[in-house]
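Engineer: no sequence on this one, just coordinates:
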């Protein structure tokens, strides 16, 4: 059974099993661990054959990697989920209102709630988006909110991925794999479905089409190509939605619209779910050397003839310094208190805070303001003296580039090891779909798990794995 | 369908076909070198010439022997036509067009790439060669099987088949052309031992040695073998068969798209040159000249298909 440690265990409470896991535990007790281990190997072969892999930057694609999959589900009760999803919905609403505001009237800056500098000096802020409202007023069509848990009722938002959250394909494939491996479990335990996601995504994207679009909107997914680390996800989503997967060179501007080159000539498209960064989107407006985007797309966008999801410039909200203001942002636009808590965040740009962070470096997690994927971060308690000293130098050189957070006591969920179940730290990335008329959150999300005992780093690029996430019915 | 997708499907199947053809060619060379060792050097040389990679080969190697030739054709990453290179190409194309493939076809290609990458990780010793060659043929047959069994008969299928038959036509024509001296009805070689070796090599290269026995009443002589490989529509690797398949699939496309692209005209011209012919008129025209024209026109046709269906920007 799970070892006794100080972190909150989602499966056990003392000698008891927590309610959401009771049925699972009784099923598990009847299983043979060797058989389960064999199943785990089968799952790996399945992932490999299906090509559910990701590329690691800077490596040849002979080294496509699998994200390790653990077959013990992470289980949330219906009640836990409903609080979480209400919190996420509120947060997404706040962020969308914030983006609209900073690109238009900037009331929140004038009210002094968010410092002007944080927006004005933000690399992700795009002046080209000023005084323009995207179709339906939506900026963040797809949001992945990273959430960690430290206690029974303690959920914290770790960060908002409002720009291009990835991982939803793993959520779907993990469920598919579990259904294939353990059909009997799903007939015993009623788990809310996630399989509607691609259909809902398409509907949500269609609902965000430009006002001038007549008939059923033509939606495409824009990928940088097969060498991108998330290419599998791009093709998976296009496939599941039944839309074309395009690259920049398949597209061009024709008569003020964006059109794709088909075997029968050019066809106008209405909505682009792009997985290409802002910088590479339009060589005429942004990075002139980029071959990944579409020359002139920003003009078409500003003329209201295409919907780009997520909207350019959305990355401002991903900034970890802005993150620290999200509770205030929510209150400013919705008049409500934030349902989900933020992790206490020290902004190193403030001199007193910088001193505190430097003095307490070995207790803190320090992150780059624009970083993602676990790159460029320091986990104080796990770092060596030399790593701490080196990082302190980086901090002093460019304090505004960093924020620091206390090391949280992340909850654990068991994984299957050769010796049976063993606790590991997890986080959760639920996915929200935003259209002009609705916000739709798929029950569950992607649970990432640190596979190394005691490790707090769950990122797949840093060797983390994933689990199926169950939200129980009722 | 995106033009890029059509191109990806077409090249995926050209690559897969090329892998299978290369395996057949090596098998033919290997057998002959094993069983009749009179002049293995020239047999292996002709294998390289037939595979259309002589200049790439001579840039690296000076002589021709079983180990170097098979390694070059199977594994050399500098040889764009090596089995490893084209299987990688097929799999890259399959990833590109993933959304147009059924799960079964995709998994068959992905598995083919995994299995063959593993099998060709190290140089293949002679003792393992037959097994590896048969694995290559089996894997490419697996992909074709998945295609036949699971894909809609729509434009996606047509582009796959066009890639398949364009490549096969090129390959068969090259094999015959390299051996054309053996197929000329010249008196001096007829019936000689050398002649038989060459014919067996030709038939083996297109996996047609048994088919020939079943299908052709007459003897193993030049006109019969040439006629079988060029004109017999029962043989799935003959030029006539490939040409008629290309016409069929371009016609289905034209019907579905309600247009008549130039590539269909070119394909019909090519097909007509192979229809209702007899082999003696081809010999009169000059076998080498005839084959060269087929190879050239098939290339032109391939480029026209790319253009008509907007494979590239």
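Structural biologist: Thanks, I have it. Since this is a predicted model, take the numbers as computed values, not measurements.

Engineer: near chain A, which residues of the stretch 201-313 of chain B show up?
Structural biologist: B:257, B:259, B:309, B:310, B:313 (C-beta under 8 Å from any C-beta of the partner chain). No exception for glycine: its C-beta is placed from N, CA and C like everyone else's.

Engineer: chain neighbours aside, what residue packs nearest to the second one?
Structural biologist: Across the structure, with C-beta to C-beta, 6 or more residues apart in numbering or on different chains as the measure, the residue nearest residue B:259 apart from its sequence neighbours is residue A:264 (8.0 Å).

Engineer: from residue B:261, how far out is the one you found?
Structural biologist: Applying C-beta to C-beta, to the nearest Å, the value for residue A:264 to residue B:261 is 11 Å.

Engineer: contacting residues around the closest residue to chain B within the stretch 51-200 of chain A?
Structural biologist: Going by C-beta to the nearest C-beta, chain B is nearest to residue A:51 of the stretch 51-200 of chain A, at 4.8 Å. Shown in contact with residue A:51 (C-beta atoms under 8 Å, 6 or more residues apart in numbering or on different chains): A:64, A:232, B:95, B:98, B:106, B:107, B:110.

Engineer: among those, which are in helices?
Structural biologist: Cross-referencing these against helices under DSSP state H gives A:232, B:95, B:106, B:107, B:110.

Engineer: now do the contacts for residue A:442.
Structural biologist: Listed by C-beta under 8 Å, 6+ apart, the contact set of residue A:442 reads A:168, A:171, A:194, A:196, A:197, A:200, A:430, A:431, A:433.

Engineer: residues contacting residue A:37?
Structural biologist: Residues in contact with residue A:37 (C-beta under 8 Å, 6+ apart) are A:416, A:418.

Engineer: again but with residue A:159, I slipped
Structural biologist: A:145, A:146, A:318, A:320, A:323.

Engineer: what about the fourth one, neighbour count?
Structural biologist: The reference is to residue A:320. 22 (other C-beta atoms under 10 Å in any protein chain shown).

Engineer: swap in the one 5 residues further on?
Structural biologist: A count of nearby residues for residue A:325, using other C-beta under 10 Å, gives 20.

Engineer: residue contacts, the residue lying closest to it once chain neighbours are set aside?
Structural biologist: Nearest residue to residue A:325 in three dimensions, chain neighbours excluded: residue A:114, at 5.0 Å (C-beta to C-beta, 6+ apart). Neighbouring residues of residue A:114 by C-beta under 8 Å, 6+ apart: A:98, A:108, A:322, A:325, A:328, A:329.

Engineer: reformat these as JSON lines; add pLDDT.
Structural biologist: Formatted as JSON lines, those follow (pLDDT from 0 to 100):
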{"residue": "A:98", "pLDDT": "97"}
{"residue": "A:108", "pLDDT": "97"}
{"residue": "A:322", "pLDDT": "91"}
{"residue": "A:325", "pLDDT": "95"}
{"residue": "A:328", "pLDDT": "96"}
{"residue": "A:329", "pLDDT": "97"}
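
Engineer: make a ChimeraX selection of the buried ones in these.
Structural biologist: Selection of buried members from the contacts of residue A:114 for ChimeraX, criterion 16 or more other C-beta atoms under 10 Å in any protein chain shown:
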select /A:98,108,322,325,328,329
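
Engineer: mind checking which of the contacts of residue A:114 land in helices?
Structural biologist: Filtering these for helices - DSSP H - leaves A:98, A:108, A:322, A:328, A:329.

Engineer: sorry, back to before: point out the least confident one among the contacts of residue A:51.
Structural biologist: On pLDDT alone, residue A:64 ranks lowest of the contacts of residue A:51, at 75.

Engineer: hmm, residue A:54 and that residue touching each other?
Structural biologist: Yes - if you go by C-beta atoms under 8 Å, residue A:64 and residue A:54 touch, sitting 7.0 Å apart.

Engineer: between the two, who's got more neighbours?
Structural biologist: Higher neighbour count among residue A:64 and residue A:54: residue A:54, with 21 against 18, using other C-beta under 10 Å.

Engineer: mind listing the residues bridging to that one?
Structural biologist: residue A:65 (DSSP bridges).

Engineer: state the distance from it to residue B:126.
Structural biologist: If you go by C-beta to C-beta, the gap between residue A:54 and residue B:126 works out to 39 Å.

Engineer: still on that earlier bit, quick check, the residue nearest to residue B:259 in contact with residue B:258.
Structural biologist: No - applying C-beta under 8 Å, one finds residue A:264 not in contact with residue B:258, separated by 9.2 Å.

Engineer: okay, those two: which has more neighbours?
Structural biologist: Comparing residue A:264 with residue B:258 by other C-beta under 10 Å, the one with more neighbours is residue A:264, at 16 against 7.

Engineer: ok, that one to residue A:308 distance?
Structural biologist: 25 Å.

Engineer: ok, now residue B:311?
Structural biologist: 27 Å.

Engineer: neighbour count winner among the two?
Structural biologist: residue A:308 (26 against 22).

Engineer: distance from the chain centre to the host helix or strand of the more buried one, please.
Structural biologist: Taking DSSP states H and E as the criterion, residue A:308 maps to strand A:307-309. For strand A:307-309, the gap between its own C-alpha mean and the chain's C-alpha mean amounts to 18 Å (C-alpha atoms, centre = their mean, to the nearest Å).

Engineer: equivalent analysis for stretch B:146-154, please.
Structural biologist: Distance, centroid of stretch B:146-154 to centroid of chain: 21 Å (C-alpha atoms, centre = their mean).

Engineer: check stretch A:268-284 too.
Structural biologist: 19 Å.

Engineer: show me what counts as buried in that stretch.
Structural biologist: A:269-283.

Engineer: tell me how many other residues surround residue A:237.
Structural biologist: For residue A:237, using other C-beta under 10 Å, the count is 26.

Engineer: wait, residue A:260
Structural biologist: 24.

Engineer: ditto for the one 3 residues further on
Structural biologist: Residue A:263 has 21 neighbours, counted by other C-beta under 10 Å.

Engineer: residues of chain A that sit close to chain B?
Structural biologist: So chain A meets chain B at A:48-51, A:62, A:226, A:231, A:235-236, A:238-239, A:244-247, A:249-250, A:260-265 (C-beta under 8 Å from any C-beta).

Engineer: contact partners for residue A:364?
Structural biologist: A:346, A:357, A:378, A:380, A:404, A:405, A:406, A:407.

Engineer: which SS class is the closest residue to residue A:328 other than its chain neighbours?
Structural biologist: With sequence-adjacent residues excluded and distances taken as C-beta to C-beta, 6+ apart, residue A:328 is closest to residue A:113, at 5.2 Å. Residue A:113 falls in the coil class when you classify it by DSSP: H, G, I helix; E, B strand; the rest coil.

Engineer: can you check residue A:432 too?
Structural biologist: strand.

Engineer: surely it touches residue A:147?
Structural biologist: No - in this structure, residue A:432 is not within contact of residue A:147 by C-beta under 8 Å, at 11.7 Å.
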